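Q: fold the stuff below for me.
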Amino acid sequence: MRIAAMAAGAVGGYFGARLAAAGHDVFFIARGSNLAAIKANGLRVESVHGDLHLPKANVTDDPREVGPVDIVLFAVKLWDTETAAELTKPMVGYETRVITLQNGVDSPERMAPILGAEHTVGGVTYIATTIAAPGGIKHTSTFAKMVFGRADKKADAMLDRFVAAGKEAKIDLEISPDIQRERWQKFVFLTAMSGATATFRSSIGPIVDDPELRDFYRQLMEETYAVGRASGVNIDPGIIDQRMAQTLNTVEPGMKASMAHDLERGNRLELDWLSGKVSALGRELGIPTPAHDTVFRVLKLHRMGR
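A: Got it, this is the predicted structure:
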């Protein structure tokens, strides 16, 4: 398959590299020091599932050089969504599917007016990766999963082909029968993980080891759940207990959300689309969100980075 990683960051770069190593034509969109490093030295992945090196990765900063592809893995920061969607247009052909792999809960709705609803596919990832250095990705979790699906819940031959390609590459890909529900269930966990690890400047282990901070972490999930249900999404009533058990028993204690890593590095934060989004929807729907309001206030002065 012809696949584009928009862009070659921690998520798009990881999955794109695995697919390229399996023999697919993968094109990486990058810029700045990351682009220069990949051009000079290739793309490297350090992973618990085995390291890999693409010495001659197909990398560019101009999607027009790539042309139409089968699949676009759309994994840019949330504030870049509309701008990156416009840049993606030259890679979108008649049958192209653009799979959103971003942290927020509203990306497909923001992208569909630009790329077309038929081409835009909602998705989520379950993975812990960071950019260790320009041209280098570090994968630290035992899990690396991608779940996606059409908003209209119809069967899709291109997505079926992509799942088959993923299996050949030994990547865990899955089509969801209800991607809206999947996105919100990820959002319940993500907003708690990002809000807690960024606010307390800590990995998740010490947070859940402390009873008071563990209660705050759970409250973040409860607020996101309440907002999602009030929005009309059929979220699993047991999701909070499931995610708490997962955090306590299977998530690595050293794990931090990407927003916590961005805070440490002085980068811009996705705060407005995470805890800020929960707070905004809460006000709109009449749902109190005091924990997310606290996260937003604590981090507000850092949201644009240094």
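Q: could you pull out the helices for the stretch 101-250 of the chain?
A: The residue ranges that make up the helices of the stretch 101-250 of the chain, judged by DSSP state H, counting those that start in this stretch, are 107-115, 157-168, 179-199, 204-209, 211-230, 239-249.
Q: wait, which of those helices is closest to V72?
A: Nearest to V72, of all the helices of the stretch 101-250 of the chain, is helix 107-115, at 8.9 Å by CB to CB. For the C-beta atoms, the positions are set from N, CA and C on the backbone; glycine is no exception.
Q: how about the closest one: buried residues?
A: Along helix 107-115, these residues count as buried under the neighbour rule (16 or more other CB atoms under 10 Å): S107, P108, R110, M111, A112, I114, L115.
Q: ok, stretch 18-36 next?
A: Applying a neighbour-count criterion of 16+ other CB under 10 Å, one finds 18-22, 24, 26-30, 34-35 buried in stretch 18-36.
Q: quick revisit: would you mind finding the most buried of the helices of the stretch 101-250 of the chain?
A: With neighbours taken as mean count of other CB atoms under 10 Å, the helices of the stretch 101-250 of the chain reach their highest mean count in helix 179-199, at a mean of 25.
Q: that one vs helix 107-115, what angle?
A: For helix 179-199 and helix 107-115, the angle between their directions (axes from the mean of the first three to the mean of the last three CA atoms, to 10 degrees) works out to 110 degrees.
Q: re the thing from before, how about the helices of the stretch 101-250 of the chain, which one is nearest I71?
A: Ranking the helices of the stretch 101-250 of the chain by distance to I71, with CB to CB as the measure, places helix 157-168 first at 5.3 Å.
Q: export the helix or strand containing I3 to CSV, keeping only CA atoms.
A: I3 is part of strand 2-6, with elements assigned from DSSP states H and E. The C-alpha atoms that make up strand 2-6 are tabulated as CSV, following Å, rounded to 0.1, in the frame of the first residue of the first chain:
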residue,chain,number,x,y,z
ARG,A,2,1.0,3.7,-0.4
ILE,A,3,0.9,5.2,3.0
ALA,A,4,1.8,8.7,4.3
ALA,A,5,2.6,9.7,7.8
MET,A,6,1.4,13.2,8.4
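Q: which pLDDT does the model give the spatially most central residue of the chain?
A: Most central in the chain under CA atoms, centre = their mean is Q102, positioned 3.4 Å from the mean C-alpha point. In the prediction, the pLDDT value recorded for Q102 is 94.
Q: where's it relative to I179, distance?
A: For Q102, the distance to I179 equals 13 Å [CB to CB, to the nearest Å].
Q: please apply the same query to L78.
A: Computed as CB to CB, the L78 to I179 distance reads 18 Å.
Q: now for the residue lying closest to A132 once chain neighbours are set aside, how many residues are close by?
A: Take A132 and drop its neighbours on the chain: the residue closest to it by CB to CB, 6 or more residues apart in numbering is K138, 4.1 Å away. Neighbours of K138 under the rule other CB atoms under 10 Å: 18.
Q: same thing with the one 4 residues further on?
A: If you count neighbours by other CB under 10 Å, T142 ends up with 13.
Q: wait, it sits on V48?
A: Yes. Look at T142 against V48 with CB atoms under 8 Å: they come within range, at 5.9 Å.
Q: picking that back up, what's the closest of the buried residues of stretch 18-36 to K167?
A: A22 (9.8 Å).
Q: contacting residues around the residue nearest to the centre of the chain?
A: Contact analysis of Q102 by CB atoms under 8 Å, 6 or more residues apart in numbering lists F74, A75, V76, K77, L78, T81.
Q: so what's the residue lying closest to A144 once chain neighbours are set aside scoring on pLDDT?
A: Residue nearest to A144 in three dimensions, not counting chain neighbours: I127, with 4.6 Å by CB to CB, 6+ apart. We have a pLDDT of 90 for I127.
Q: try the one 5 residues further on
A: According to the per-residue confidence, A132 scores 91 in pLDDT.
Q: thinking again about what came up before, ok, the buried residues of stretch 18-36 vs V163, which is closest?
A: L19 (12.2 Å).
Q: helix or strand for that closest one, which one?
A: Using DSSP H and E, L19 falls within helix 10-21.
Q: just to revisit the earlier point, quick one, phi/psi of the residue nearest to the centre of the chain?
A: Geometry field for Q102 lists phi and psi as phi -100, psi 170, criterion degrees, to the nearest 10.
Q: quick one: it from F162, how far?
A: Using CB to CB, Q102 is found at 18 Å from F162.
Q: hang on, the earlier thing: highest neighbour count among the contacts of Q102?
A: In terms of neighbours by other CB under 10 Å, the contacts of Q102 top out with F74 at 28 neighbours.
Q: that concludes my questions; thank you for your assistance.
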